[in-house]
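Colleague: A structural model of the following input is requested.
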Amino acid sequence: MKGKRDEVCNEHHPSLIEQASRAQEKNHDRNNDENDSDDDRRQEQKHIQEVCESFRQHATFARCARNGHNMRVKRLPKSMLSVLPKTLTDPESDEYKLRESIAKNAEIRNQFFFDCMLNSSGVENSQEFQQEGFQFEWSSDENISKTFSVLKSLVREWSAEGKIERCQCNGPLLDAIKKYVPK
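Modeller: Below you'll find the predicted structure:
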């Protein structure tokens, strides 16, 4: 309960009360900012773990996607199968075997690339992770699709095979820079 003395102090020193109130609000805001910052850090850490998990699981998802594609092709009606190339329809053909071999090698090479990225970041790769006991959660389709996007971007930006797409994507931007940015 407030006494006479408190009322007198409040009348004579309102700035002290205001300062105390402001300090209390700042502390409250700072605590909220710290909580928000902690939440942001936790969310960022969770996201990084999800990305790493997706990189570890890339080959598994690529193999499943390839097998699913093959199963869908096999289930097509014969009338449709007859117009498709042997590369897609005849497992005994040399073309089909070559295509499967290329796809399997790509899965291994791509997983090796992701494992090297994880190693360079000091994070367990797919091989190390499997040796410890298979305690993991499957990555979402959204995160796995991002691994394919990473590979596609790397091909586009850094390989001879990506030169045409690189020119199509970056050409207009580079032309505009040359035209509008003085030397």
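Colleague: Low-confidence bits of this structure, can you list those?
Modeller: Judged by pLDDT under 70, the chain has its weakly predicted residues at 1-35, 129-135.
Colleague: Which residue is the nearest non-sequential neighbour of R66?
Modeller: The spatially closest residue to R66, leaving aside those adjacent along the chain, is A103, at 5.3 Å (Cβ to Cβ, 6 or more residues apart in numbering). For the C-beta atoms, the positions are set from N, CA and C on the backbone; glycine is no exception.
Colleague: and that neighbour, how many neighbours?
Modeller: Using other Cβ atoms under 10 Å, the number of residues around A103 comes to 16.
Colleague: Could you number the chain from 541 rather than 1 from now on?
Modeller: Happy to do that; since the first residue is 541 now, the last one works out to A643.
Colleague: Span of stretch 657-667 from start to end?
Modeller: Using Cα to Cα, to the nearest Å, one end of stretch 657-667 lies 13 Å from the other.
Colleague: Show me which positions of it end up buried.
Modeller: L658, V663, E664, N665, S666 (16 or more other Cβ atoms under 10 Å).
Colleague: separation between the closest residue to the last one other than its chain neighbours and A646?
Modeller: It refers to S666. Leaving aside its sequence neighbours, S666 sits nearest to R596 (Cβ to Cβ, 6+ apart; 4.3 Å). From R596 across to A646, the span is 17 Å (Cβ to Cβ, to the nearest Å).
Colleague: which one of those two has more residues nearby?
Modeller: The neighbour comparison of R596 against A646 (other Cβ under 10 Å) goes to R596, with 24 against 14.
Colleague: show me where the chain has helices.
Modeller: Taking DSSP state H to define them, one finds helices in the chain at 544-552, 554-596, 598-614, 618-621, 626-629, 634-660, 666-671, 681-698, 703-720.
Colleague: picking that back up, farthest pair in the buried residues of stretch 657-667?
Modeller: V663 and S666 (10.7 Å; Cβ to Cβ).
Colleague: I'd say I684 and S594 touch.
Modeller: Yes - shown here, I684 and S594 form a contact pair, counting by Cβ atoms under 8 Å, at 5.5 Å.
Colleague: of the buried residues of stretch 657-667, closest to H587?
Modeller: Proximity of those to H587 (Cβ to Cβ) peaks at V663, which lies at 13.5 Å.
Colleague: Count residues in the vicinity of the residue nearest to that closest one when sequence neighbours are not counted, would you?
Modeller: Nearest in space to V663, with sequence neighbours left out and distances taken as Cβ to Cβ, 6+ apart, is C592 at 5.2 Å. By other Cβ under 10 Å, 19 other residues sit near C592.
Colleague: hang on, L628 packs against E640?
Modeller: No - using Cβ under 8 Å as the test, L628 is too far from E640 to be in contact (10.7 Å).
Colleague: so how far is Q583 from A605?
Modeller: In this structure, A605 and Q583 are 29 Å apart, going by Cβ to Cβ.
Colleague: Who has more neighbours out of those two?
Modeller: Comparing A605 with Q583 by neighbour count (other Cβ under 10 Å), the higher total belongs to A605, at 14 against 10.
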